[in-house]
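Student: Can you look at this prediction? I've put the sequence above it.
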Amino acid sequence: MMRKIFFMIAVLATFTTVITQAMPRILVFSKTAGFHHKSIPVGLNALMLMGKQNNFSVDTTTDATKFTYANLKKYAAVVFLNTTGDVLNNQQQAEFERYIRSKKGFVGIHAATDTEYDWPWYGQLAGAYFSDHPKVQQATLKIVSPINVLNKMLPASWTRTDEWYNFKSISDKIHPVLTIDETSYIGGKNGAEHPMSWYQEFEGSKVFVTALGHTDESYSDPLFLQHLLAGIQYTIGKTKL
């Protein structure tokens, strides 16, 4: 009888280990060296809950020393959540480049484009750099065709309130999935094809970036969270476009 119990415990432990190893892990990095978004804690909580509900684990950090290849290789994707300014030193940058080139994923949320202006490689990875923004206000977003897993959950015309970024150094390699209608608000500077969310493949990595996510309310908005989840699942290889 005892032998049977020990056998069942061993089987259960093995099964649990296999499930844990099979579950993708993401690292959410939210260090700021410039403006600090008050919504970061709300965003972290939303991402941790998202992971629990969708079978991926979430680690969070503001510690740039975690950016070694030996540590990063544990993660299916790294998420920059409202990072700002110069957050990685030269060695950490080199380690992150190695990680991305190992075909791992990258997700940038809102101020991720307001980060590492003196590191051109990062600008290419993110796909654009933040330029400026008008005041927080309501505006209308538009789905870009063809519709895919990143925008199929969104209405064709989506009106919401956020801080709407203007961009510089927009890469011609990005594929926008969401644009903003500059006639629907005051302060847009990127014209009729003003991107707000996009994806690309960069040096073997799958990349998803959204400029949405300034406000606390974003992280309880079901549509935004579904859009963000789709971006994460794309970058970790759970879904294909």
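Tutor: Looks like it came in fine.
Student: measure the residue nearest the centre of the chain to M196 for me?
Tutor: Closest to where the C-alpha atoms of the chain average out (Cα atoms, centre = their mean) is V107, at 2.6 Å. Note on V107: its distance to M196, by Cβ to Cβ, to the nearest Å, is 15 Å. Glycine gets a C-beta too; all of them are placed from N, C-alpha and C.
Student: same deal with V78?
Tutor: In terms of Cβ to Cβ, V78 sits 21 Å off from M196.
Student: re earlier: the residue nearest to the centre of the chain bridge partners, please.
Tutor: Beta-bridge partners recorded for V107 (DSSP bridges): V79, F208.
Student: Now do the same contact list for it.
Tutor: V107 makes contact with I26, A77, V78, V79, F80, V207, F208, V209, L228, G231, I232, T235, according to Cβ atoms under 8 Å, 6 or more residues apart in numbering.
Student: cool, and K31?
Tutor: T61, T62, D63, A64, T83, V87.
Student: hmm, try it at 10 Å
Tutor: Contacts for K31 (Cβ atoms under 10 Å, 6 or more residues apart in numbering) come out as 40, 61-64, 66-67, 80-88, 115.
Student: With S145 instead?
Tutor: N151, A156, V177.
Student: what do you get for Q53?
Tutor: Q53 neighbours (Cβ under 10 Å, 6+ apart): L225, L229.
Student: Show the model's pLDDT score for it.
Tutor: On pLDDT, Q53 comes in at 98.
Student: Can you read off the backbone torsions of A46?
Tutor: The phi/psi pair for A46 (degrees, to the nearest 10) reads phi -60, psi -40.
Student: and the helix or strand containing L47, how far out from the chain's middle?
Tutor: For L47, the element it lies in under DSSP states H and E is helix 40-53. Centroid separation for helix 40-53 versus its chain: 12 Å, with Cα atoms, centre = their mean, to the nearest Å.
Student: isn't K66 right up against L72?
Tutor: Yes. The criterion here is Cβ atoms under 10 Å, and K66 meets it with L72 at 7.6 Å.
Student: overlap in contacts of these two?
Tutor: Common contacts of K66 and L72 (Cβ under 10 Å, 6+ apart): L27, V78, Q92, E95.
Student: What subset of those is buried?
Tutor: Using 16 or more other Cβ atoms under 10 Å as the burial test, those include L27, V78, Q92, E95 as buried.
Student: any chance you could map the helices in this structure?
Tutor: Using DSSP state H, the helices found in the chain span residues 2-22, 40-53, 69-72, 90-101, 120-126, 222-235.
Student: To E182, which of these lies closest?
Tutor: helix 222-235 (20.2 Å; Cβ to Cβ).
Student: May I see the buried residues of that closest one?
Tutor: F224, L225, H227, L228, L229, A230, G231, I232, Q233, Y234, T235.
Student: Disregarding flanking residues, what is the spatial nearest neighbour of F202?
Tutor: Of all residues not flanking F202 in the chain, L125 sits nearest, at 5.4 Å (Cβ to Cβ, 6 or more residues apart in numbering).
Student: so how far is F106 from the one you found?
Tutor: Between L125 and F106 the computed distance is 6 Å (Cβ to Cβ).
Student: can you check K173 too?
Tutor: Counting by Cβ to Cβ, the gap from K173 to F106 is 14 Å.
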